[in-house]
Each structure stands twice: as C-alpha cells, then as structure tokens.
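Enquirer: take a look and give me a structure for this.
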Amino acid sequence: MRSPGEHHQGHLPGAVSFPLFSDEERAQVGICYKQQGRDPAVQLGFDLVGPKMGGFIRQAQTLVPDRTVRVHCWRGGMRSGAVAWALSLAGFQVATLAGGYKTYRRWVRDCLAQPRQVVVLGGMTGTAKTDILLAMAAQGQQMIDLEGLAHHRGSSYGSLDMPPQPSTEQFENLLAQQWAALNPALPLWLEAESRRIGTCRIPDEVFQQMEAAPTVEIVRSVEERVAVLVEMYGDSDREAAIAATERLRKRLGGQRTQARSPISAPVNRTPPASCCSTTMIAPTATI
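Expert: Modelled structure (predicted):
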C-alpha cells in the first residue's frame, strides 16, 4: 500500500505495487500531519481515498482472482489497515504484514549478518567468472550471482546491455531473499567485487565476510580474455561503449584512453588489463 516512490526505492521481492496514495497525496497528508496534527491528517486521507475505494476493489479482483491477499504499508498501520478493511468487506481473505515494510527491513539486515562459508572466485575481467559460477550452480554448488542481482557486470562497461539497476535497498532485499535460503553448512561461492557494483553497494555485513574468505583466482591468457570480452560487448551500442571508455580517462590518461577508444580502435582491439580489473582479495589458490 506504499506510494509508488516508496515501492521504487525498495519492496518485498514479488510484491505488487497497490498504492493507497500517490507520491503527491502522501506528501500532502504528511505536511498536514506536521502542521495541523493527526486528526486533520486522517480526515484529509479519507477525503483523498474515499472516491478511489471502488476502483481499488475492482483492481484487486483482477489482480487476485482467488481473493487471498497480504497487504502491508510502512509500519503496518492505517494505510494497510484501511485497505484490509475494505477488501474484507468485499469478500477477500486478507492478512496484514505485522510491522509492515519497516519490520521486513530489520529482517533483511539481520539475515545478511548471518555467517556463511563464503569462498570468493576472483580474476581479471574476461576470465568468465560468472559463467563458471553458473556452471557450478548447475552442478549443485551454492552461489549467488551478485552482478545478476545488481544488473551490472562490475567494470566501467558493466552496464552495457543490462536493464536498469535496482536501488541499493532493493539489491539488499533481493540478496537477503537468496541468503536466507542457503544451507549454512555448505560453501557459498561469490564473485570478487569491490564495495559497489555499479550504483549498488554490497552490504557491509556481506562484504566483511567476502574480505575474510579464501579466494580462488582464475587466470586466463590475454587472447582468451579478449575473445570473451568481444563476445560479451562486441554488439553493444557504440556510443555507450565510447562513454564507458571515457569514464576511464582520468585513470588511464588521455593518450592511452584515445589509443584504446572504440572511436579509433576496432572492436577486437586488446583492452588494457588495468581498465577492467576486479578488486581482488589475496588469493589462496590459482586455477
């Protein structure tokens, strides 16, 4: 029942946005509460919601044909309570999430603090670490694809051909969902990452476990890595690839960046190793 802006910032995985208030209406109620107090704010809320209640019920009947729902708002208070009351009158079986999204977020933090037997898979970009992890998962190993959850491959080029990234809050929610399902008695394989994967920040509780974990480093020849990168990015949007290269100008220097740029170089030109390297934890084994 949270507003569209709240839902976009973060939500329970799989939750359907069914806002009681628009972002603007929620702001109006909040301002009224601060300036005039609770009772006027409640009255304003009913004024805004009353004409929409019939539409809510019809929309819910379309979304949930079996009429069994669980609703929540920020604290499990008036927003979810009002809609639960209306849907119950309309014949729905309704449960409300105790404590709302705020309590769920406390669960997320507690969940991610739980220790796991982490093993980190490291190596330069182009060593196909993600493909290796996916193959291991297909053989029954526990792994979480952090870059898949973040919609970013971790390098300057990591956003190419990827959907928009979730917020860091939603990244944590998605990660917690998988973290909770793990068997703590078995190894958990994660790819070596810096603290941020694009705009998504790895939770401190998880990153600390990654820093302390043993690391297996994958080493491949430059020729093999180039082949992997060309297959991955060769058909990407040219302007986006140029922009990704330009982001490295301060790090590489203007002359070196121009020499490697897609503006002046063919797509299969060998990239400088330093421009795409993964932040590594000291390896204990090398393959």
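Enquirer: when you work out contacts or count neighbours from here on, use the C-alpha atoms and nothing else.
Expert: Fine.
Enquirer: what about the stretch 1-150 of the chain, any weak spots by pLDDT?
Expert: Across the stretch 1-150 of the chain, nothing is flagged by pLDDT under 70.
Enquirer: name the element the most centrally placed residue in the chain belongs to?
Expert: Centroid-nearest residue in the chain, with Cα atoms, centre = their mean: residue 171, separated by 2.5 Å. Secondary structure assignment for residue 171, by DSSP states H and E: helix 168-180.
Enquirer: quick one, helices of this protein?
Expert: Taking DSSP state H to define them, one finds helices in the chain at 4-9, 23-36, 38-49, 53-63, 78-89, 100-112, 129-138, 146-150, 168-180, 204-212, 222-233, 238-246, 249-252, 254-260.
Enquirer: tabulate the ones you listed in CSV, adding columns for distance to residue 197.
Expert: Output for the helices of the chain, formatted as CSV (distance: least, Cα to Cα, whole Å):
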stretch, distance to residue 197
helix 4-9, 17
helix 23-36, 29
helix 38-49, 40
helix 53-63, 34
helix 78-89, 34
helix 100-112, 17
helix 129-138, 14
helix 146-150, 7
helix 168-180, 10
helix 204-212, 12
helix 222-233, 18
helix 238-246, 15
helix 249-252, 18
helix 254-260, 22
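Enquirer: and residue 159, which of these is closest to it?
Expert: helix 238-246 (8.8 Å; Cα to Cα).
Enquirer: which residues touch the nearest residue to residue 153 once chain neighbours are set aside?
Expert: Distance criterion Cα to Cα, 6 or more residues apart in numbering; nearest residue to residue 153, sequence neighbours excluded, is residue 147 at 5.4 Å. Taking Cα atoms under 8 Å, 6 or more residues apart in numbering, we find residue 147 in contact with 153, 154, 197.
Enquirer: wait, which of the residues you listed is closest to residue 71?
Expert: residue 197 (31.8 Å).
Enquirer: what pairs with the closest one across the strands?
Expert: residue 200 (DSSP bridges).
Enquirer: residue 71 reaches residue 92, doesn't it?
Expert: No - using Cα atoms under 8 Å, residue 71 is not in contact with residue 92; the gap is 11.5 Å.
Enquirer: follow-up on the earlier one: so which of the contacts of residue 147 comes closest to residue 32?
Expert: So of the contacts of residue 147, ranked by how close each gets to residue 32 (Cα to Cα), first place is residue 197, at 39.6 Å.
Enquirer: do you know how far the closest one is from residue 150?
Expert: Counting by Cα to Cα, to the nearest Å, the gap from residue 197 to residue 150 is 7 Å.
Enquirer: circling back: avg pLDDT for the helix holding residue 171?
Expert: In this model, helix 168-180 carries a mean pLDDT of 98.
Enquirer: for that helix, which outside residues touch it?
Expert: Contacts for helix 168-180 (Cα under 8 Å, 6+ apart): 9-13, 105, 108, 111-112, 144, 146, 149-150, 199-203.
Enquirer: ok, 10 Å please
Expert: With contacts defined as Cα atoms under 10 Å, 6 or more residues apart in numbering, helix 168-180 is touched by 7-14, 104-105, 107-116, 143-146, 149-151, 165-167, 188, 196-203, 206.
Enquirer: how many residues are close by residue 208?
Expert: Applying other Cα atoms under 10 Å, we find 13 residues neighbouring residue 208.
Enquirer: pLDDT at it, what is it?
Expert: 97.
Enquirer: got the domain ranges for the chain?
Expert: Here the domain parsing of the chain from automatic domain parsing is 4-107, 114-286.
Enquirer: what is in contact with residue 197 and residue 150 at once?
Expert: Taking Cα under 10 Å, 6+ apart as the contact rule, residue 197 and residue 150 both touch 159, 165, 168.
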